[in-house]
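Engineer: coords please:
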Amino acid sequence: MPKITINGKEIEFDKGMTVLQACELANVEIPRFCYHEKLSIAGNCRMCLVEMEKSPKPIASCAMPAAEGMNIKTNTYLVEKARKGVMEFLLANHPLDCPVCDQGGECDLQDQSLYYGVDKSRFVENKRDVKEKYMGPLIKTQMTRCIHCTRCVRFATEVAGVPEIGAIGRGENMQITTYLEKSMESELSANVIDLCPVGALTSKPYAFEARPWELKKTESVDVMDAVGSNIRVDTYNWEVKRILPRLNNDINEEWISDKTRYSCDGLLKQRLDVPYIKKENKLQKSNWDEALDLLIKKIKEVQPNEIAGHIGDMINMENALGFKKLFNLIKSNNLEFREKKFYINSSEKINYIFGSSINGIEQSDLILLIGTNPRHEASMLNARIRKAFVQKKVPIFSIGDPGDLTYDYKIISDKTDEIKKIINNESELSNKILSAKNPIIIIGESVLELESGKYIFEEIKNFLIQNNKISQEWNPLNILIQNASTVGLLDLKIIPDQKENNFTFFDNLENKKFKLLYLLGSDNLDFKKDNEFVVYQGSHGDRGAEVADIVLPSATYTEQEGLYENLEGRVQECKKASYPIGEALEDWKIFNRIIKKMGLNGTTNFDQLRKEVLNSIPNFSDLNELPKNVESKNSKIQSNFVSEKITIRELDYYYTNSISRSSKTMSECRQIRQKIKKDGTNN
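Structural biologist: Numbering: from 1, shown residues only. This next block holds a predicted model:
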């Protein structure tokens, strides 16, 4: 390995590293504003100047490639003087408004001016003033504070794929703007707030809410989609004030979607804080004893096969297992978690996870999307596909039209006939898949809802196995699950192993066979209520509570511990950041109350549930780790092909669950998106 000398110490470095990265290997801190390891190098701020032997001037370490034999000094008088001069220039026009700036306490400019700046300025000219820009309901601007690092510009162009932010003007007149003064049309737009090293771009919903040192910080995971982005939940007096990304290069890197970040204001809106019972066709406040007595009376009045349960999209694995145990005690096995009829073969884990892994997308050399829109179904996964496209020019094909995905792709067809051709080696795409070293096929839920959904999945899987494409080293078969709870519930066998299209629950629901329907956090199940007695156990007064006869208040994902399994089968822990409000309880505690009132033996505590969950997960390796690879055998499952059009189900992106539907911020974002669709403007 090549070697470089930094402050008299010899360091080995990898070829292609910059001087700044080599200095980090030597544990030498280099100040910087414009440099960011996930973005291209700009070399704008000049804060990272260091002294290099035989160079008459200090060099910008972020832009200088490290080379064998270089001798770098970072602590000389020349370097100190250069940094002070740069800082003096940066502060020449920066307003003195730290006390009212939301960046205070976590501001790079504040921190670095303390350590590397001076307490005087030689500039006597008036400070410039820049007009504020409109960037939508999420980003608050104070562009007079901007130091022109261009991090936001590079993020929008390179990562988000929406080149709507740029610089106009030159020199002192340069301004960062969205050109047309409109809201950013990206699901990742608010990441520019985290990137901004000063207070030029701050969070509009969080403005003047709290100071960073007042907040309790809890590391957790996101449940707005199945990606399982790593997040940090910041609470003030047990109220969730903001959600920030947490670095995890295997999943979300250091970005999160706007829905993940800003749905948190819906955590306290429309909350259920006491039990309700429907009297005279109107929900009225009640208490736990009365509500549970009525529930148990109804359970005893009907046959076990007339009782059904539906589990919602944000339920953790411990609570789901507790629900399953309750249903076992009342001798009913009518459980379901799918919101639509889509085919899933739950006999082995490879059939319902993202086998290539999210990080593995970067190793791919061909991507085929079948009936999916990853931009809306899994925004962070879509960002990883864009990264592979930008860096490696990976060819991307789609069967079905997903719309704008922020990268170039080719639509092959919108008919299932094309899939049959691929399977039978009658398509050009078949040869491309077989000749690719690391192909990726991503199958969406929309295509599994089709009549030929079973045929499409099983035959694509067989096609890959027969051509030796699925191995311990690489698995190109990927199912893009949409809900955070789905993979975990499949592992817990909430629906039994099935190799057939088992839609008994939905058929019985349509045919009014169920007399008691228990909805556990389920707000997206589409059914027409007739004479069923509906019990809703959840956190928000949403769609489930609207049709309920009994409402039992429970905790949200930030108010209880729990395990979630993301779409690639990685088990992660969601931590408790706040407490349930009012009389609301954690779900497993409610099940214990029901079991006790029924006089049955079978109550469990949380530790028992977690232990049983971890023992139930097939191919489990460890928390935060991918599941162990198990080679799959040919499945001899008979299925029928139907020639039909593939229509990708459009998600109401900002309104996918009860928390986001309760969020004022998500409502504003949705209104802007609807306005864009209607008349093409979002001013």
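Engineer: Mind listing what's buried along the longest helix seen in the chain?
Structural biologist: The longest helix of the chain (DSSP state H) is helix 664-679. Using 16 or more other C-beta atoms under 10 Å as the test for burial, helix 664-679 gives 665-670, 672-673. Using the backbone N, CA and C atoms, a C-beta is placed for each residue, glycine as well.
Engineer: Now do it: everything it contacts.
Structural biologist: Under the criterion C-beta atoms under 8 Å, 6 or more residues apart in numbering, residues 136-138, 183, 185, 205, 258-259, 262-263, 265-266, 269, 652-655, 660, 681-682 lie in contact with helix 664-679.
Engineer: In PyMOL, how would I select the buried members of these?
Structural biologist: Restricted to buried positions by 16+ other C-beta under 10 Å, the PyMOL selection for these reads:
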select buried, resi 136+137+138+183+185+205+258+259+262+263+265+266+653+654+655+660+682
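Engineer: mind showing which ranges of the stretch 451-600 of the chain have poor pLDDT?
Structural biologist: Along the stretch 451-600 of the chain, the model assigns pLDDT under 70 to residues 496-501.
Engineer: what's near enough to touch residue 224?
Structural biologist: Contacts of residue 224 by C-beta under 8 Å, 6+ apart are 257, 259-260, 263, 484, 656-657, 659-660.
Engineer: can you rerun that using 6 Å?
Structural biologist: 259-260 (C-beta atoms under 6 Å, 6 or more residues apart in numbering).
Engineer: cool, residue 41 as well?
Structural biologist: Contacts of residue 41 by C-beta under 6 Å, 6+ apart are 62-63.
Engineer: And it, what's its pLDDT?
Structural biologist: The per-residue pLDDT reported for residue 41 equals 93.
Engineer: ditto for residue 238
Structural biologist: Residue 238 is assigned 87 on the pLDDT scale.
Engineer: Make sure it is actually in contact with residue 578.
Structural biologist: Yes: counting by C-beta atoms under 6 Å, residue 238 touches residue 578, with 4.3 Å between them.
Engineer: Have a look at those two and say which one is more surrounded.
Structural biologist: Taking neighbours as other C-beta atoms under 10 Å, residue 238 and residue 578 compare with residue 578 leading, 21 against 13.
Engineer: So which of the contacts of helix 664-679 belong to helices?
Structural biologist: 258-259, 262, 660.
Engineer: of those residues, closest to residue 622?
Structural biologist: residue 259 (28.8 Å; C-beta to C-beta).
Engineer: residues touching that closest one, list them.
Structural biologist: Neighbouring residues of residue 259 by C-beta under 6 Å, 6+ apart: 224, 660.
Engineer: the helices in the stretch 551-683 of the chain, which residues?
Structural biologist: Using DSSP state H, counting those that start in this stretch, the helices of the stretch 551-683 of the chain run over residues 587-597, 606-616, 658-662, 664-679.
Engineer: In a markdown table: those, plus distance to residue 112.
Structural biologist: Compiled in a markdown table, the helices of the stretch 551-683 of the chain are given as follows (distance: least, C-beta to C-beta, whole Å):
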| stretch | distance to residue 112 |
| --- | --- |
| helix 587-597 | 47 |
| helix 606-616 | 44 |
| helix 658-662 | 37 |
| helix 664-679 | 31 |
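Engineer: so what's the closest residue to residue 395 other than its chain neighbours up against?
Structural biologist: Nearest non-adjacent residue to residue 395, counting by C-beta to C-beta, 6 or more residues apart in numbering: residue 366, 5.7 Å away. Counting by C-beta under 6 Å, 6+ apart, residue 366 touches 395, 432, 436, 439.
Engineer: Which one (most neighbours) among those?
Structural biologist: residue 439 (22 neighbours).
Engineer: hey, what's that one bridged with?
Structural biologist: residue 366 (DSSP bridges).
Engineer: so it makes contact with residue 478?
Structural biologist: No: Residue 439 lies out of contact with residue 478 (C-beta under 6 Å); the separation is 10.4 Å.
Engineer: And residue 230, how close does it get to residue 247?
Structural biologist: The gap separating residue 230 from residue 247 is 7 Å, by C-beta to C-beta, to the nearest Å.
Engineer: When these two are compared, which one has more neighbours?
Structural biologist: More crowded of residue 230 and residue 247, by other C-beta under 10 Å: residue 230, with 21 against 11.
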